[in-house]
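A.B. asks: Predicted model and sequence below, questions to follow.
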Amino acid sequence: MSLPAGAAIQVGLPERFRADAARLYLDAFAAKLGPILGRGERAEGFLASVMRPANAMAALNAEGDLLGLAGFHDETGGFIGGGFADMRAAYGLPGALWRAPLIDLFERAPEPGEMLMDGVVVALAHRGAGIGEALLDALSHHAARAGAQALRLEVVDANPRAEALYLRLGFECRARRATPLMRPFFGFGAVATMIRPT
């Protein structure tokens with residue numbers, strides 16, 4: 001599926017979109033991030049501060065508005081970075097002590113020869129226009145240019161529509177692991193690992 005007329009995808013998130021990207025991420029991943037980071041300005045500020053703009057594909061329209069983005073994790077790190085010090089700066093020491101271990105549960109890194117998708121999000125007003133698909137295609141091509149043989153992602157069982165989309169776009173489910181301890185806190189009980197050759 002092609003992008004809307006006048007839209008384009010570029011490597012790198014323009015700095016002016018940090019806050020917009022943080023809001024998009026919190027909205028798209030509310031079930032996973034909300035219980036840990038909360039919602040509102042503090043959570044948005046934290047995410048904006050730990051983003052690595054070079055590790056994203058950004059979809060922009062002709063007016064320069066952010067339509068969506070796909071983060072990626074390569075040998076340099078992921079789109080969402082940061083560490084304990086960043087968490088402490090945003091939430092204080094007591095808040096960081098319980099939040100940091102929970103955030104670590106979602107940490108993952110690419111295997112040799114892979115690039116890992118670090119989340120794809122599309123602005124609500126532009127969903128259904130093919131932007132997510134275009135971002136994944138662009139990310140796959142970027143992975144190939146970077147020398148990766150495959151693009152990998154993970155999707156939770158609470159999001160069957162996303163898994164169906166990824167299957168339609170050429171991803172294969174290579175593994176599915178149960179995560180029963182996650183269900184009471186984050187609403188999902190299994191994670192599928194999906195691979196698409198580049």
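C.D. replies: Structure received.
A.B. asks: quick one, strands of the chain?
C.D. replies: For the chain, strands defined by DSSP state E occupy the ranges 8-11, 56-60, 66-73, 114-122, 150-156, 172-178, 190-197.
A.B. asks: So which of those is the most surrounded?
C.D. replies: strand 66-73 (a mean of 26; mean count of other C-beta atoms under 10 Å). Any C-beta I mention is one placed from the backbone N, CA and C, and that applies to glycine too.
A.B. asks: Okay, now the sheet partners of it, with direction.
C.D. replies: Counting by DSSP bridges, the strands paired with strand 66-73 are strand 56-60 (antiparallel), strand 114-122 (antiparallel).
A.B. asks: Residue 77: which of these is closest?
C.D. replies: Among the strands paired with strand 66-73, strand 114-122 comes nearest to residue 77, with 9.4 Å by C-beta to C-beta.
A.B. asks: Show residues contacting the closest one.
C.D. replies: Applying C-beta atoms under 8 Å, 6 or more residues apart in numbering, the external contacts of strand 114-122 come out as 21, 24-25, 27-29, 55, 59, 67-74, 78-80, 108-110, 131-132, 135-136, 139, 142-143, 146, 148-153, 195, 198.
A.B. asks: cool, stretch 97-106 as well?
C.D. replies: 32, 35, 36, 37, 84, 87, 91, 182, 185.
A.B. asks: Now, of these, which are buried?
C.D. replies: With neighbours counted by 16 or more other C-beta atoms under 10 Å, the contacts of stretch 97-106 contain buried members at 32, 36, 37, 87, 91, 182.
A.B. asks: Go through these and name the one nearest residue 63.
C.D. replies: residue 37 (30.2 Å).
A.B. asks: Please tell me I have it right and that closest one contacts residue 49.
C.D. replies: No: between residue 37 and residue 49 there is no contact, the gap being 11.9 Å when judged by C-beta atoms under 8 Å.
A.B. asks: hmm, back to that, which of the strands paired with strand 66-73 has the lowest mean pLDDT?
C.D. replies: Mean pLDDT is lowest for strand 114-122 among these, at a mean of 93.
A.B. asks: Next one: the residue lying closest to residue 44 once chain neighbours are set aside relative to residue 66, how far apart?
C.D. replies: In this structure, residue 44 finds its nearest non-sequential neighbour in residue 22, 4.3 Å apart by C-beta to C-beta, 6 or more residues apart in numbering. The gap separating residue 22 from residue 66 is 11 Å, by C-beta to C-beta, to the nearest Å.
A.B. asks: just residue 181 next, same as before
C.D. replies: Using C-beta to C-beta, one gets 35 Å for the distance from residue 181 to residue 66.
A.B. asks: do the same with residue 151
C.D. replies: Distance from residue 151 to residue 66, by C-beta to C-beta: 22 Å.
A.B. asks: what do you get for residue 34?
C.D. replies: From residue 34 to residue 66 the distance is 21 Å (C-beta to C-beta).
A.B. asks: chain center to the biggest helix by length in the chain, what's the gap?
C.D. replies: The longest helix of the chain (DSSP state H) is helix 84-104. Relative to the chain's own centre, helix 84-104 is displaced by 20 Å; criterion: C-alpha atoms, centre = their mean, to the nearest Å.
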